[in-house]
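Colleague: following is a predicted model, sequence given first.
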Amino acid sequence: MSVPTEKIEEAAALLRGVYDGKPPISPLRDLLGTSDQTVAYAIQEANTKYWLAQGRGLIGRKIGATSKAVQTMLGLDQPDFGMLFADMTYADGETIPTDRLYQPKVEGEIAFYLGDDLDGEHMTVADVIHAVKFAVAAIEVVDSRIAGWNIKILDTIADNASSGLMVIGSQPRKLSEFDPVLCGMVMEKAGEPVATGAGIACYGNPLSATLWLARKMVQVGRPLKKGDLVLSGSLGPLVPVTPGDTIELRISGLGSVRTHFSVTGAGA
Amino acid sequence: MTSLAELAERVDAAARDAKAIAQLTTDIPDLSVDDAYAVQAMSIRRRIDRGERRIGVKMGLTSRAKMIQVGVDEVVWGRLTDAMLVEEGGMIDIARYVHPRVEPEVAFLMKAPLAGTVTAVEAMAAVEAVAPAIEIIDSRYENFKFALADVVADNSSSSGLVIGSWNAPSVDFGNLGVVLYVNGRPAQIGSTAAILGNPVRSLVAAARMVAQWGERLNPGDIVMAGGVTAAHALKPGEVVRADVERLGSVTLTVKR
């Protein structure tokens, strides 16, 4: 599938336009007339290059579509990935300014901080286990620059895997200190449980998802490095949020992480 | 006017003969929840009279999703008898049920009496142990469809339980990962937090609700705290296992 470079750049610019204040756009799959993942990642990469040139700091990756249900919905047969930049992150307890978001939803996830590069040719899950310096609970705020979340593979991948912001927990644990597969997850909105799940919901094992990512990153030439953060994928259902919501995530063995979505645009 | 005793006979026969019946509320649209609990008590009395023994209670509609599904804002309870106990690792015959489903749960074993309005601390002081469990639920109504009064009269759909190994209650069980495997593949995933935010709240509700009917939780009683995930409809030959983080696992096989 060949799509001219101008089309790729046009799609990338349309997505950036939304970040710059334009309303969410109609699906890109209609504009490009394809669902080719290579094209989708080319659009994502065009924006990654643009943002890096602007001085944004690449601090890690997110893995998306880690459940069969979501893969089926999007028309994927594997997970997808997006780029995490330093300015997308918040610490436990911080208020998120809602004017940075369009149609946000939250997910409970495990984030892995890498203490080693993951750029080998023949990596196994043992290399992932070796490289993980610590894990923390993290709230991923997913978002879409496509109006009404009307997304298929091409739209979500091009749109940086529908990434938004993230809130990083502050109780780091070694892999030997919790059960990444069977750990329970609960997300509360205003004190009411609104989503529950467990580690296994993420690709059968969040470490397997991370291995998938590590191999993929070597393939595409942006290998995971020491100091990268990996947002490994959702442990349960998505929960829509609106201004004024308070969200608390608890993962068994990993403590809790909390955030508030500001009522007025710019936050506290 | 159909008497409550007749309704009790109807739900009891449906459970005993594994034959689906029409909803009671089809005949009696204004059947109250209080009357439905009276029907339940009378139907269980019939079982006791046949030689079954009461071994505890089960809590139902303990998740927000199920309450919304049935359109209620209160949990329900039912009574457990020894005839409902399935050996851990044991086998059941689907023919003995109408349309059985399984849910992964946690179970409490009581060591002291508990009844009325109690705090979570008081409730836990009466707990001997906590175990992973599978509940077999089986509505005796056609198509598993019911109004609140129907399900209450039908012993809150309870029809069987399998209990795994008992753990000391010092385990923090408020948010443990739970996986229901069917033939080795994960079919349902959740957390014990799905039970009212914390299963201990279900125990507190059990103490309060049984007391409203002049009963109490007794030493040796089992309290099934409520489903953690959506229920799985059983098929012949399936092997079902529930894993609960830190508590262990419990298995059940369905006869081919």
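Modeller: Noted; the coordinates are in hand.

Colleague: the stretch 1-150 of chain B: strands as residue ranges?
Modeller: With DSSP state E, counting those that start in this stretch, the ranges of strands along the stretch 1-150 of chain B come out as B:54-60, B:76-81, B:85-86, B:91-92, B:101-110, B:127-137.

Colleague: tell me which of the ones you listed is the most buried.
Modeller: Among these, ranked by average contacts under mean count of other C-beta atoms under 10 Å in any protein chain shown, first place goes to strand B:101-110 (a mean of 26). Backbone N, C-alpha and C define where each C-beta goes, glycine included.

Colleague: so what strands line up beside it?
Modeller: In the sheet, strand B:101-110 lines up against strand B:127-137 (antiparallel), strand B:222-224 (antiparallel), strand B:232-233 (antiparallel) (DSSP bridges).

Colleague: any chance of CSV for these, columns mean pLDDT?
Modeller: As requested, the strands paired with strand B:101-110 are exported to CSV (pLDDT from 0 to 100):
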stretch, mean pLDDT
strand B:127-137, 98
strand B:222-224, 98
strand B:232-233, 96
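
Colleague: okay, the ones you listed in a markdown table with distance to residue B:245 next?
Modeller: Below are these laid out as a markdown table (distance: least, C-beta to C-beta, whole Å):
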| stretch | distance to residue B:245 |
| --- | --- |
| strand B:127-137 | 9 |
| strand B:222-224 | 18 |
| strand B:232-233 | 19 |
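
Colleague: ok so, going back, any chance of the strands of the stretch 1-150 of chain B in JSON lines, plus distance to residue A:122?
Modeller: Below are these laid out as JSON lines (distance: least, C-beta to C-beta, whole Å):
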{"stretch": "strand B:54-60", "distance to residue A:122": "51"}
{"stretch": "strand B:76-81", "distance to residue A:122": "54"}
{"stretch": "strand B:85-86", "distance to residue A:122": "47"}
{"stretch": "strand B:91-92", "distance to residue A:122": "45"}
{"stretch": "strand B:101-110", "distance to residue A:122": "38"}
{"stretch": "strand B:127-137", "distance to residue A:122": "39"}
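
Colleague: check what pLDDT the residue in the stretch 1-150 of chain B positioned nearest to chain A gets.
Modeller: At 6.8 Å from chain A, residue B:64 is the closest residue in the stretch 1-150 of chain B, using C-beta to the nearest C-beta. With respect to pLDDT, residue B:64 scores 78.

Colleague: now do residue B:178
Modeller: Note for residue B:178: predicted pLDDT of 98.

Colleague: what segments of the chain are helices?
Modeller: With no chain named, the answer covers chain A. Taking DSSP state H as the criterion, chain A carries its helices at A:5-19, A:28-32, A:37-53, A:68-74, A:125-131, A:153-158, A:206-220.

Colleague: actually chain B
Modeller: Counting by DSSP H, the helices of chain B are B:4-17, B:24-27, B:33-49, B:64-70, B:120-125, B:148-153, B:199-212.

Colleague: packing partners for the third one?
Modeller: The reference is to helix B:33-49. Counting contacts by 3 or more C-beta pairs under 8 Å, 6 or more residues apart in numbering or on different chains; DSSP states H and E, helix B:33-49 is packed against helix B:4-17, strand B:76-81, helix B:148-153.

Colleague: contact partners for residue A:169?
Modeller: Under the criterion of C-beta atoms under 8 Å, 6 or more residues apart in numbering or on different chains, the contact list for residue A:169 reads A:92, A:111, A:136-138, A:249, A:254-257.

Colleague: and chain B, which residues reach chain A?
Modeller: For chain B, the residues in contact with chain A (C-beta under 8 Å from any C-beta of the partner chain) are B:64, B:175-179, B:186, B:189-194, B:197, B:228, B:243, B:245-246.

Colleague: buried only: go through the residues you listed for me.
Modeller: Using 16 or more other C-beta atoms under 10 Å in any protein chain shown as the burial test, those include B:64, B:175-179, B:186, B:189-194, B:197, B:228, B:243, B:245-246 as buried.

Colleague: give the contact list for residue 44.
Modeller: Looking at chain A here, since you left the chain open. By C-beta under 8 Å, 6+ apart, the contact list for residue A:44 reads A:82-83, A:157-161.

Colleague: meant chain B actually
Modeller: B:54, B:79, B:81, B:155.

Colleague: now, among those, which is nearest to residue A:50?
Modeller: Each of those was scored against residue A:50 by C-beta to C-beta, and residue B:155 proved nearest at 63.5 Å.

Colleague: so how far is residue B:80 from that closest one?
Modeller: Plainly put, residue B:155 is 9 Å away from residue B:80 if you go by C-beta to C-beta, to the nearest Å.

Colleague: any weak-confidence spans in chain A?
Modeller: Confidence mapping of chain A against pLDDT under 70 gives the ranges A:1, A:265-268.

Colleague: with adjacent residues omitted, what lies nearest to residue A:124?
Modeller: The shortest distance from residue A:124 to any non-neighbouring residue, by C-beta to C-beta, 6 or more residues apart in numbering or on different chains, is to residue A:211 (7.2 Å).

Colleague: out of the strands paired with strand B:101-110, nearest to residue A:195?
Modeller: Taking C-beta to C-beta, strand B:232-233 is the member of the strands paired with strand B:101-110 nearest to residue A:195, at 19.8 Å.

Colleague: returning to that earlier point: for residue A:224, find the nearest of the helices and strands packed on helix B:33-49.
Modeller: Comparing the helices and strands packed on helix B:33-49 by C-beta to C-beta, strand B:76-81 comes nearest, at 49.8 Å.

Colleague: and the closest one, what does it pack onto?
Modeller: On a contact count with 3+ C-beta pairs under 8 Å, 6+ apart, strand B:76-81 meets helix B:33-49, strand B:54-60, helix B:148-153, strand B:158-163, helix B:199-212.

Colleague: the first one vs helix B:199-212, what angle?
Modeller: Orientation note: helix B:33-49 sits at an angle of 90 degrees relative to helix B:199-212 (axes from the mean of the first three to the mean of the last three C-alpha atoms, to 10 degrees).

Colleague: show the contacting residues for the closest residue to residue B:10 other than its chain neighbours.
Modeller: With C-beta to C-beta, 6+ apart as the criterion, residue B:10 has its nearest non-adjacent residue at 6.2 Å, and that residue is residue B:21. Contact analysis of residue B:21 by C-beta under 8 Å, 6+ apart lists B:10-11, B:14, B:140-142.

Colleague: among these, which one has the most neighbours?
Modeller: With neighbours taken as other C-beta atoms under 10 Å in any protein chain shown, the top of the contacts of residue B:21 is residue B:140, carrying 30 neighbours.

Colleague: gap between it and residue B:25?
Modeller: 13 Å.

Colleague: again, but for residue B:160
Modeller: Using C-beta to C-beta, we find residue B:160 at a distance of 25 Å from residue B:25.

Colleague: neighbour count winner among those two?
Modeller: residue B:160 (21 against 17).

Colleague: run the chain-centre distance for stretch A:110-117.
Modeller: 15 Å (C-alpha atoms, centre = their mean, to the nearest Å).

Colleague: for the stretch 151-268 of chain A, which residues are neighbours of chain B?
Modeller: Applying C-beta under 8 Å from any C-beta, we find that the stretch 151-268 of chain A lies next to chain B at A:179, A:181-186, A:188, A:192-194, A:196-201, A:204, A:236, A:250-252.

Colleague: and with 10 Å instead?
Modeller: Neighbours of chain B within the stretch 151-268 of chain A, by C-beta under 10 Å from any C-beta of the partner chain: A:178-188, A:191-202, A:204, A:235-236, A:250-253, A:256.
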